[in-house]
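Enquirer: Sequence first, predicted coordinates after that:
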Amino acid sequence: MKKHFKSITFFMMGVMVCLSSCKKEEIPLNETINTEKIINEEGFTDAELFDMIRALQIDNGALSNITLFGTEYILVGNDIIIPKDEVVERYNSTRAGKNGLGAKHHRATTIFNPKQFGTIDIYGLNEKDKDSGLSKKLQKALKAAVNAYNKLDGLSIKFKLKFDTFNNLKRKGIKADILVVDETDNEKYKLHTGAFAELPRADGSAGFLIETIRLEDRTDKDLKRLFIHELGHSIGFRHTDWDTAASCEVVERIPEKANDSGYGAIHIPGSPRYLKVKTKGPNKVTKKQSDASIAATINSIYSKCNYTKKVYNFTKSDKAALKKLFSAPKKNKKK
């Protein structure tokens, strides 16, 4: 089932979005919510909603308010956005699910479901769209990113990409799984640069919107990498270093507590682990092993600041994580 275009404002309900570089209105954290219980009431204050997000351990950054396309969101750190009206639902569903925290890579609580939704239809607005069209340069980079995914062997996910204007898509009644737009000329974002990408919705459909802002000064390789990264979010990948921002050279881990759990950042089994040096007791870890695990994390195409590491394509561990989540079904051999 595809999603319908509703208006040029791209009104979005029930989504999580990844964001780069955003001006924030800081609001202090309140520690009063009992995060061990399922929440049923409505009408929470911002501080109470912030406590629920802290319990979800979505990211280790500061919490603040932001409004996009007329919808109110909570900004977590500098690159994740959650609609305010979804916080309680996400909190309840993840508390009930008891998803545990592991290591790298990580996926969102909900990932794209290829069995239910099939090929992912991407529509990019082209340069003829005066409001939100992608330049030829951005279109070229998006094509390269889509091709990079489609060339991977053994995956059940496939992308199909086309370009048109928003008015044509609306007039033709065309439905899309992912819509890619550029908001460089939007006055709201005159201080911003980077990209947004929604994580998958609760029904398993792909995140609907990818949005770019002021990226024309990037190289073709940089833009291809950016779109590979954002498409990863659309199908369910979290940042490999979501809890440390180590690729950004900011090592700031979430303090470990007895009741901490990685709701919203679920370890993908078999992917590299972020190992600390351990010289005593069982399961010793050498510095060489620790360095290798850190490198696998921060050099990933899905790391938070992968542009600082000059990573332009999938690493070996990225491919392994993709196969773990989206391995194509094995074909029965003919007798």
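Expert: Happy to help now that I have it.

Enquirer: Give me the residues contacting stretch 110-122.
Expert: Stretch 110-122 is contacted from outside by 1-2, 142, 146, 156-162, 175-180, 199-206, 234-236, 325-326, using C-beta atoms under 8 Å, 6 or more residues apart in numbering. Any C-beta I mention is one placed from the backbone N, CA and C, and that applies to glycine too.

Enquirer: for stretch 157-173, same thing?
Expert: By C-beta under 8 Å, 6+ apart, the list of residues contacting stretch 157-173 from outside reads 5, 8, 112, 114, 119-126, 128-129, 131-134, 139, 142-143, 146, 149-150, 174, 176, 231, 235, 326.

Enquirer: Stretch 217-226 too?
Expert: 137-138, 140-141, 144-145, 148, 195, 212, 215, 301, 306-307, 311-313.

Enquirer: For PyMOL, what selects the buried ones among the residues you listed?
Expert: Entered in PyMOL, the line below selects the buried ones among these, by 16 or more other C-beta atoms under 10 Å:
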select buried, resi 138+141+144+145+148+195+212+215+301+306+307+311+312
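
Enquirer: so of the contacts of stretch 217-226, which ones are in helices?
Expert: Among the contacts of stretch 217-226, DSSP state H puts Lys137, Leu138, Lys140, Ala141, Ala144, Ala145, Ala148 in helices.

Enquirer: gap between the third one and Asn167?
Expert: Read that as Lys140. Separation of Lys140 from Asn167 (C-beta to C-beta, to the nearest Å) stands at 23 Å.

Enquirer: hey, where'd the helices end up in the chain?
Expert: Taking DSSP H as the criterion, the chain contains helices spanning 46-56, 87-97, 114-117, 136-150, 166-172, 220-235, 287-298, 316-326.

Enquirer: Buried residues of the longest one, list them for me.
Expert: Within helix 220-235, the residues that count as buried by 16+ other C-beta under 10 Å are 223-235.

Enquirer: Excluding covalently adjacent residues, which one is nearest to Ala176?
Expert: The spatially closest residue to Ala176, leaving aside those adjacent along the chain, is Tyr123, at 4.4 Å (C-beta to C-beta, 6 or more residues apart in numbering).

Enquirer: close enough to count as contact, Lys304 and His233?
Expert: No: Lys304 lies out of contact with His233 (C-beta atoms under 8 Å); the separation is 11.4 Å.

Enquirer: List the buried residues for stretch 207-218?
Expert: Quick answer for stretch 207-218 (16+ other C-beta under 10 Å): Gly207, Phe208, Leu209, Ile210, Glu211, Thr212, Ile213, Arg214, Leu215, Arg218.

Enquirer: Tabulate the helices of the chain (a markdown table), appending mean pLDDT and distance to Glu72.
Expert: Listed next are the helices of the chain as a markdown table, based on pLDDT from 0 to 100; distance: least, C-beta to C-beta, whole Å:
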| stretch | mean pLDDT | distance to Glu72 |
| --- | --- | --- |
| helix 46-56 | 77 | 10 |
| helix 87-97 | 59 | 11 |
| helix 114-117 | 92 | 28 |
| helix 136-150 | 98 | 28 |
| helix 166-172 | 93 | 24 |
| helix 220-235 | 95 | 21 |
| helix 287-298 | 81 | 33 |
| helix 316-326 | 91 | 31 |
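
Enquirer: Could you identify which of those helices is most buried?
Expert: Sort the helices of the chain by mean neighbour count, taking mean count of other C-beta atoms under 10 Å, and helix 220-235 sits at the top with a mean of 22.

Enquirer: Only the C-alpha atoms, please, for that one, written as CSV.
Expert: Provided in CSV are the C-alpha atoms of helix 220-235 (Å, rounded to 0.1, in the frame of the first residue of the first chain):
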residue,chain,number,x,y,z
ASP,A,220,29.3,14.3,-6.4
LYS,A,221,30.9,11.7,-4.1
ASP,A,222,29.7,13.5,-1.0
LEU,A,223,26.2,13.8,-2.3
LYS,A,224,26.0,10.1,-3.3
ARG,A,225,27.2,9.2,0.2
LEU,A,226,24.6,11.5,1.8
PHE,A,227,21.7,9.9,-0.1
ILE,A,228,23.0,6.3,0.6
HIS,A,229,23.0,7.4,4.3
GLU,A,230,19.5,8.9,4.2
LEU,A,231,18.0,6.0,2.3
GLY,A,232,19.4,3.8,5.0
HIS,A,233,17.3,5.8,7.6
SER,A,234,14.2,5.4,5.3
ILE,A,235,14.4,1.6,5.6
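
Enquirer: relative to helix 316-326, how tilted is that helix?
Expert: Using axes from the mean of the first three to the mean of the last three C-alpha atoms, to 10 degrees, the direction of helix 220-235 lies 30 degrees away from that of helix 316-326.

Enquirer: Helix 220-235 to helix 136-150, inter-axis angle?
Expert: 60 degrees.

Enquirer: Low-confidence stretches in the chain?
Expert: Under the criterion pLDDT under 70, the flagged ranges of the chain are 1-43, 56-61, 68-71, 77-81, 89-106, 243, 249-264, 270, 272-274, 331-335.

Enquirer: Fine by me, thanks again.
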